[in-house]
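*Asks:* Okay, structure incoming, though there's no sequence with it:
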């Protein structure tokens, strides 16, 4: 297998491979290609001229102890079923590490699609570095805490960025730029999910991206300014008729429930001595948005 950066001429083949591996429709994939595809940050493996494996590297930052580190988010890595178990993805992962070192980046971040893949990626130097809190809250509890004086507003990337930054201030986390946040809003809609935002005292104060499954609103990401969890509760109640709400939250997010669980959900590969050292200080880091 030969590994190289992709080109714009590969888009048709990349869409076909994505559909084969993930099952998404062409409109959904094309939206990603228009908004986030960067040929020189997309590595492909070819066998006899055919693309058999791919991964995408998206721009981002990792914040640890108040310091921002340049990072790539490794996204939508996949190999055609006909070429699996041949080491194709391993070659791409090693090539991605080399590329990101050459670019002067500090970390590569990824979210394993399933639990068994944590062990796989650890073989290439990736380490579990992000955790999230999972809790289910019933509708009655949200009704008890909701701020009835809040107002529903349109969720925009500017509002999302402002609220997310305020919510995650002082928390180790992965930081997306505003273009990535706009893509997250669009992707959420393209996937058939819902979004909502609410303001308090004249400013956007909370938002949520969520899906609804069998009477439960599954929150893909939410955030609220300090003291504005009641605004978030109001927004969710207005946007969904579900009886229960499943949250994925930073470990210290101020929403309580009778019980909760925590889990590792993302990994980091340090690419230099400074990022290796900083990783020793990471604490309760939050990944949140995964763009898909």
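*Replies:* Right, received. Where do you want to start? Being a predicted model, the structure only gives us computed values, none of them experimental.
*Asks:* Please count neighbours and contacts with C-alpha atoms only from this point.
*Replies:* OK.
*Asks:* Can you give the strand pairings for the longest strand along the chain, parallel or anti for each?
*Replies:* The residue-count maximum for a strand in the chain (DSSP state E) belongs to strand 50-64. According to DSSP bridges, strand 50-64 forms sheet pairs with strand 42-47 (antiparallel), strand 67-79 (antiparallel), strand 173-175 (antiparallel).
*Asks:* shaky segments in this protein?
*Replies:* Applying pLDDT under 70 to the chain flags no residue at all.
*Asks:* Walk me through the domains of it.
*Replies:* 2-131+264-279, 132-249 (automatic domain parsing).
*Asks:* one step back: now render the strands paired with strand 50-64 as TSV, adding distance to residue 89.
*Replies:* Output for the strands paired with strand 50-64, formatted as TSV (distance: least, Cα to Cα, whole Å):
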stretch	distance to residue 89
strand 42-47	8
strand 67-79	7
strand 173-175	24
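*Asks:* want to try TSV for those strands, with mean neighbour count and distance to residue 203 as columns?
*Replies:* Putting the strands paired with strand 50-64 into TSV (neighbours: other Cα atoms under 10 Å; distance: least, Cα to Cα, whole Å) gives the following:
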stretch	mean neighbour count	distance to residue 203
strand 42-47	20	38
strand 67-79	20	27
strand 173-175	25	22
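*Asks:* how about the ones you listed, which one is nearest residue 273?
*Replies:* Proximity to residue 273 (Cα to Cα) singles out strand 67-79 among the strands paired with strand 50-64, at 12.3 Å.
*Asks:* Show me the contact partners of the closest one.
*Replies:* Residues outside strand 67-79 that contact it (Cα atoms under 8 Å, 6 or more residues apart in numbering) are 17-18, 21, 52-63, 88-89, 100, 105-111, 275.
*Asks:* Okay, buried residues for the helix or strand following it please.
*Replies:* Next along the chain after strand 67-79, taking DSSP states H and E as the criterion, comes helix 88-102. By 16 or more other Cα atoms under 10 Å, the buried positions in helix 88-102 come out as 88, 89, 91, 92, 93, 95, 96, 97, 99, 100, 101.
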